[in-house]
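Chemist: Quick one, structure for this:
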Amino acid sequence: QLSLLMLQLRALTADCHEWQARNPELISSNPDVLLQLAKEELQKVKNDLEMVLSTVRAKNKQLEEELKREEQWYEEQKKMLNTLSKMEEEANTQVEQPSMKRESDELKKKFLKLKTYKKELLNALGEFLDEHFPHPEEAENIKNKNSSAEPAVGLITLKEILEILINKLMNTPHEPYITINESFWPPYIELLLRYGIALRHPEDPNRMRLQAFH
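Modeler: Residues are numbered from 1 along each chain as shown. Predicted structure coming up:
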């Protein structure tokens, strides 16, 4: 729907430019009549553009809310997984008795189920990101379809950026910042920063970290 709306916006803009380039026959030589007709036509174009803009903003807001919910669900499951991991470690350090072995086996089953659920959740999040936040090069190709220049650096997806941020936070929680390089598409960086999903380093604007939701 968003792509369709953007195409409609481009079509309206092209029509506007075409009308501006024309040299039509005058309907009337009366300045008041011509002024009124021009106002009506401009108002119609203005109304169409405002309708497209309103629809795009509503769609963006909906996508932002869905992304926040997915991030919240992921963080909740990560906390549960960390808790179970600690419980499993504590169980492994104790002397295995029959009853404790049964409890450990049950805990392992729960751990595996949770791990499977986490994988399904990550897959769902990945599908959501792939659907609503396509590869940056697709957007760049649409913008530069008349240009034969190839991008200097391959851009990565929003899902890959989030994976890098999450892995960095999990592996080195004492140093969670990553360096923003040329493979990061600026609009996706701006999206993460604007909605509080990521935070910029207070002293180095070229570094950022995942927000500590926990």
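Chemist: Every contact and neighbour count from this point should use C-alpha atoms.
Modeler: Noted.
Chemist: now the helices for the chain?
Modeler: 2-21, 31-93, 98-132, 136-143, 158-171, 186-194 (DSSP state H).
Chemist: Kindly reformat the ones you listed as a markdown table containing mean pLDDT, mean neighbour count and distance to Ile180.
Modeler: Putting these into a markdown table (pLDDT from 0 to 100; neighbours: other Cα atoms under 10 Å; distance: least, Cα to Cα, whole Å) gives the following:
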| stretch | mean pLDDT | mean neighbour count | distance to Ile180 |
| --- | --- | --- | --- |
| helix 2-21 | 76 | 12 | 28 |
| helix 31-93 | 84 | 13 | 21 |
| helix 98-132 | 78 | 14 | 20 |
| helix 136-143 | 62 | 14 | 15 |
| helix 158-171 | 90 | 16 | 10 |
| helix 186-194 | 93 | 15 | 9 |
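Chemist: Need the ones you listed in JSON lines (columns: distance to Asp204).
Modeler: Formatted as JSON lines, the entries for those read as follows, by distance: least, Cα to Cα, whole Å:
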{"stretch": "helix 2-21", "distance to Asp204": "35"}
{"stretch": "helix 31-93", "distance to Asp204": "25"}
{"stretch": "helix 98-132", "distance to Asp204": "28"}
{"stretch": "helix 136-143", "distance to Asp204": "25"}
{"stretch": "helix 158-171", "distance to Asp204": "16"}
{"stretch": "helix 186-194", "distance to Asp204": "14"}
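Chemist: Tell me which residue is most central in the chain.
Modeler: Phe133 (5.2 Å; Cα atoms, centre = their mean).
Chemist: show me the contacts for that residue.
Modeler: With contact taken as Cα atoms under 8 Å, 6 or more residues apart in numbering, Phe133 is in contact with 157-158.
Chemist: Please determine how far it is located from Lys115.
Modeler: 26 Å (Cα to Cα, to the nearest Å).
Chemist: what does Arg207 give?
Modeler: Computed as Cα to Cα, the Arg207 to Lys115 distance reads 31 Å.
Chemist: contacting residues for the nearest residue to Arg207 once chain neighbours are set aside?
Modeler: With sequence-adjacent residues excluded and distances taken as Cα to Cα, 6 or more residues apart in numbering, Arg207 is closest to Thr179, at 4.4 Å. Contacts here follow Cα under 8 Å, 6+ apart; on that basis Thr179 touches 206-208.
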